[in-house]
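S.K.: just coords:
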């Protein structure tokens, strides 16, 4: 090896060694496994607001050793307590519910069973509901029209604009992206011949989702298809207009995606020698993105909750000190304080909701320096050995 190559390799090793231990072992987040109601075995977290309140669900496993009947209920975690939100009044004994979204003021949007009885073979389609201060409102009833067969909302903003999909009674059975508010009523965002879903709305009223298989943004009644082609999906939008979701790469693999106005960026993968899928689920006002990474064919062992910050993919499992056997497999939300929520699993396959609270966040230069060090070192060794060695990328992939 020449002196110059040795110098480059040495510099790369120094950078990697200098920053690597901090990145791999420092407790940059405090991990909290969210408490369970007495009857529950598993749980999942779906959203978090600015106050750190979390919504999701808890489940009683019908195959557990307890005598608890099968049960799925919406849960609000607030100030250290797990609060069961219940179901619509008059629903059947086995009714289920789930929390999907929480506003700044603590209103919780979710789904609940509604039928008083459930006969053999009957299908109890969920109604969209809004929980707040002990009350529950049936939005599917409030928003339906004479031509509604099914109506479901997934997100609601602080102004009360809810978004989701609508199926017409005289239609072809496919859902059309829709929005609703008490003052504005129901609006179909797509045509009667389209199919799609609205997945999120910010406080400016900008809506994102999919329409006819394309990631789409709706603003002031105008639909715009986002870059990336068919099979794209938009899951979240922040107040600045950054949109995150999934898009296909050149190999046809699902990748975490970030849209900034007209440009699409496929976010970095975690370094791996295996084919990997990824998805972005949420973005905060600082532009921090969370989601998941999955090595194909490896099951939960190949899954990881991921944070993307300043172009670098960070496995959140490397950012906490104490696991107690849990592996963080997906991140579903992040607030502006940097708190991350999602789901973890253990060796027994039990899933639990978690929240990560930042204790110290390394600067972006930390991650960039570590990645650059590894690239320099791997590049020199690759040329020296005359064979290809995988090196982690240090930049996202812009898509024209």
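M.R.: Cool, the structure landed. The shown structure was predicted, so the numbers you read here are calculated from the model rather than taken from an experiment.

S.K.: in stretch 234-244, what's buried?
M.R.: 234, 235, 236, 237, 238, 242, 243, 244 (16 or more other C-beta atoms under 10 Å). To be clear about C-beta, it is placed using only N, CA and C from the backbone, and glycine gets the same treatment.

S.K.: what do you get for stretch 86-100?
M.R.: 86, 87, 88, 91, 92, 95, 96, 97, 98, 99, 100.

S.K.: For the buried residues of stretch 234-244, give me CSV that also has distance to residue 277.
M.R.: Shown next, in CSV, are the buried residues of stretch 234-244 (distance: C-beta to C-beta, whole Å):
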residue, distance to residue 277
234, 17
235, 15
236, 18
237, 22
238, 24
242, 22
243, 19
244, 15
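
S.K.: Turn the residues you listed into CSV, including pLDDT, distance to residue 115 and secondary structure.
M.R.: Conversion of the buried residues of stretch 234-244 to CSV gives the following (pLDDT from 0 to 100; distance: C-beta to C-beta, whole Å; DSSP: H, G, I helix; E, B strand; the rest coil):
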residue, pLDDT, distance to residue 115, secondary structure
234, 97, 33, strand
235, 98, 30, strand
236, 98, 32, strand
237, 98, 34, strand
238, 98, 38, coil
242, 98, 40, coil
243, 98, 37, strand
244, 98, 36, strand
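
S.K.: Out of these, which comes closest to residue 59?
M.R.: residue 235 (22.9 Å; C-beta to C-beta).

S.K.: So the closest one is in contact with residue 198, correct?
M.R.: No: look at residue 235 against residue 198 with C-beta atoms under 8 Å: they stay out of range, at 10.9 Å.

S.K.: list residues touching both of those two?
M.R.: Among the neighbours of residue 235, those also in contact with residue 198 (C-beta atoms under 8 Å, 6 or more residues apart in numbering) are residue 208.

S.K.: any idea how far stretch 259-266 is from the chain center?
M.R.: Distance of stretch 259-266 from its chain centroid, counting by C-alpha atoms, centre = their mean, to the nearest Å, is 18 Å.

S.K.: Residue 102 contacts residue 52, doesn't it?
M.R.: No: in this structure, residue 102 is not within contact of residue 52 by C-beta under 8 Å, at 10.4 Å.

S.K.: Pick out whichever of these two has more residues nearby.
M.R.: Shown here are residue 102 and residue 52; by other C-beta atoms under 10 Å, residue 102 has more neighbours (27 against 15).

S.K.: Ramachandran coordinates for that one?
M.R.: phi -140, psi 130 (degrees, to the nearest 10).

S.K.: Could you measure from it over to residue 58?
M.R.: For residue 102, the distance to residue 58 equals 16 Å [C-beta to C-beta, to the nearest Å].

S.K.: got it, and residue 155?
M.R.: For residue 155, the distance to residue 58 equals 21 Å [C-beta to C-beta].

S.K.: Also residue 288?
M.R.: 27 Å.

S.K.: Repeat that for residue 218.
M.R.: 34 Å.

S.K.: ok, these two, which is more surrounded?
M.R.: residue 58 (26 against 22).

S.K.: Going along the chain, name the strands of the stretch 1-150 of the chain.
M.R.: 29-33, 42-48, 54-60, 71-78, 81-84, 97-102, 108-112, 127-132, 135-138, 148-156 (DSSP state E, counting those that start in this stretch).

S.K.: now these as a markdown table including mean pLDDT and distance to residue 324?
M.R.: Below are the strands of the stretch 1-150 of the chain laid out as a markdown table (pLDDT from 0 to 100; distance: least, C-beta to C-beta, whole Å):
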| stretch | mean pLDDT | distance to residue 324 |
| --- | --- | --- |
| strand 29-33 | 95 | 8 |
| strand 42-48 | 98 | 16 |
| strand 54-60 | 96 | 19 |
| strand 71-78 | 96 | 19 |
| strand 81-84 | 96 | 19 |
| strand 97-102 | 98 | 25 |
| strand 108-112 | 97 | 29 |
| strand 127-132 | 97 | 31 |
| strand 135-138 | 97 | 35 |
| strand 148-156 | 95 | 32 |
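
S.K.: Thanks again, I'm all set now.
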